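# quick one: sequence plus predicted model below, questions after.
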Amino acid sequence: MVVEIYLFLFGLIIGSFFNVCILRLPKDQDIFLKQSACPNCNNKLKWFHNIPLISFVFLLGKCNFCKKRISFQYPVVEMLTAIIFVFSYLKFDLTLNALFFSIFVSSLLIIFFTDLNEYLILDIFTLPLSVIGFILSATNFNPFNVLIADSFAGLIIGFSVFYLIRWFFFKYKKIEGMGLGDAKLMMMIGAWLGLKSILFVMFFSSVVALIIAIPLTIIKKDKRYPIPYGCFITLAAFLYILVGDTFYKFLL
């Protein structure tokens, strides 16, 4: 139980750093040296304003200076990161598999929020992690037990299918039906989770997107209202990690 507590606290700290990445990387801002400031009033935050989770609670979710509400994204990302770290330990113990699992799932978490906030899926995550996922599969260190052939097929098919969808919309509809970042995200997921994950992620991301997009287009009265589809891809990838094998066994 002691290890879980330490990992949870460590996860909160790393989650606080992830919030910095989510906020600054899409804007090409420094994520290490720049002092944190309130996004509303730009006042520099003191160290005690940045204690993960605790500061949010004691400040009642408001900036200490301008009293504007602090986004719930901050405690949510911190809490989810802590849960990821503890879950990886419970699943893999203190092993390299736990480390690689945490890296991949944490990256999905960051990608979810950057796409949600800025409609951006950054190459700084998808491209290196696609390579890392393939290398881990080639060296039998993939935490999801995906082998090299499965990883290669997953990254090729994952990228190609979404690239073709994007190409079709642009050629025949003359609109950007899907960003290239979505194709790169699918490539990354395929490299780590293998070919089986692609069909699962495509289906469930589409279902969730339709459920959310239809009411949004009605509310906004705009058929072309932009939807951060990468968010639905990452949610479907999380779901596959949790129940993907069970789902396919049920089908068979």
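Looks like it came in fine. Residues are numbered from 1 along each chain as shown.
# all contacts plus neighbour counts: C-alpha atoms, from now on.
Noted.
# and the helix or strand where Ile14 lies, what's its mean pLDDT?
Taking DSSP states H and E as the definition, Ile14 sits inside helix 2-24. Helix 2-24 shows a mean pLDDT of 96 in the predicted model.
# go on, stretch 49-67?
Stretch 49-67 shows a mean pLDDT of 91.
# after the helix holding Ile14 comes which helix or strand?
Past helix 2-24, heading to the C-terminal end, the next element that is a helix or strand (DSSP H and E) is helix 54-58.
# mind listing what's buried along the helix or strand encompassing Pro75?
Using DSSP H and E, Pro75 sits in helix 73-92. Applying a neighbour-count criterion of 16 or more other CA atoms under 10 Å, the buried positions in helix 73-92 are 74-89.
# for the lowest-mean-pLDDT helix or strand in the chain, packing partners?
The helix or strand of the chain with the poorest confidence is helix 195-220; it has a mean of 86 (mean pLDDT, DSSP states H and E). Based on contacts counted as 3 or more CA pairs under 8 Å, 6 or more residues apart in numbering; DSSP states H and E, the elements that helix 195-220 packs against are helix 148-168, helix 180-193, helix 229-251.
# pLDDT below threshold where in this protein?
Scanning the chain for pLDDT under 70 picks out the ranges 174-177, 220-225.
# for Thr246, the count of nearby residues, please.
Residues contacting Thr246 under the criterion other CA atoms under 10 Å number 11.
# wait, what's in contact with Leu127?
For Leu127, the set of contacting residues under the criterion of CA atoms under 8 Å, 6 or more residues apart in numbering consists of Lys184, Met188.
# and the closest residue in space to Lys62 that isn't next to it in sequence, its phi and psi?
The spatial neighbour of Lys62 that comes closest, neighbours along the chain excluded (CA to CA, 6 or more residues apart in numbering), is Arg69 at 4.3 Å. Its backbone dihedrals place Arg69 at phi -70, psi 140, with angles given as degrees, to the nearest 10.
# point me to the helix or strand that includes the residue sitting nearest the centre point of the chain.
The C-alpha lying nearest the average C-alpha coordinate of the chain belongs to Leu108 (CA atoms, centre = their mean; 2.3 Å). Secondary structure from DSSP H and E places Leu108 in helix 96-118.
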